[in-house]
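# I'd like to go over a predicted model; first the sequence, then the structure.
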Amino acid sequence: MVYNALSARSFAEKLGSLAEKITDENALIDAEIDKQKVHSVVLTAGMGTNTALATTGVDLASGSDATYYGVFVAPHDITIVGLRTLMTEDYVKDTTDAKIELLDNYTLGAQTLVTYTLPATGIVEGAGANVSPVSAALADVNSSKRLDLKITATGDTSGTGHAVVILDYINR
């Protein structure tokens, strides 16, 4: 639900005392504010070696692509605001560009909701990126929808890189 303010006429025609009308409207406004608060969840918690900074998170330079299923299940209807990355190790490209994708694999043909291709010039440890959803239409995720994290990794001969991946969303 999106809060829509009542017109003066609609407010006046509403049943109840002035205090009741104002209290009801304030409750609706408060509920809408709560829904617009951004929530964050780490999608790569427990991946890599969490006791070593350089290998915390997902490996972007393993030489092998991977899909991690069920990294997030929507607790209720949400709208994805963005996907953030934090490099825990310098990213150095080897053979191909590394890519991080958040997928809806339930949809016919697996739709990519958010995608981030790491720059070929590399990224230093401690840097990050904030990426928006592919489109507004794909940003809405229904309750109990399973989301998967797909990693396209660069080669491991001279490539390096690990990252923590964070999903930002609001309730709808």
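Arrived safely, thanks for sending.
# buried residues in the top strand by length along the chain?
Longest among the strand segments of the chain by residue count, using DSSP state E, is strand 78-92. Within strand 78-92, the residues scored as buried using 16 or more other C-beta atoms under 10 Å are 78, 80-92. C-beta here means a position set from N, CA and C on the backbone, and glycine is covered the same way.
# again, but for stretch 26-39
Going by 16+ other C-beta under 10 Å, stretch 26-39 has these buried residues: residue 35.
# pLDDT averaged over it - what is it?
For stretch 26-39, mean pLDDT is 85.
# Please report how far residue 53 lies from residue 68.
21 Å (C-beta to C-beta, to the nearest Å).
# Go through this structure and flag its longest helix.
With secondary structure taken from DSSP state H, the chain has its longest helix at helix 18-35.
# Return the list of helices and strands in contact with that one.
strand 160-171 (3 or more C-beta pairs under 8 Å, 6 or more residues apart in numbering; DSSP states H and E).
# domain assignment for the chain?
Split into domains by automatic domain parsing, the chain comes to 1-36, 38-171.
# Can you list the residue ranges for helices in the protein?
Using DSSP H, helices in the chain cover 8-13, 18-35, 136-139.
# any chance of the ones you listed in JSON lines, plus distance to residue 158?
Formatted as JSON lines, those follow (distance: least, C-beta to C-beta, whole Å):
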{"stretch": "helix 8-13", "distance to residue 158": "66"}
{"stretch": "helix 18-35", "distance to residue 158": "47"}
{"stretch": "helix 136-139", "distance to residue 158": "35"}
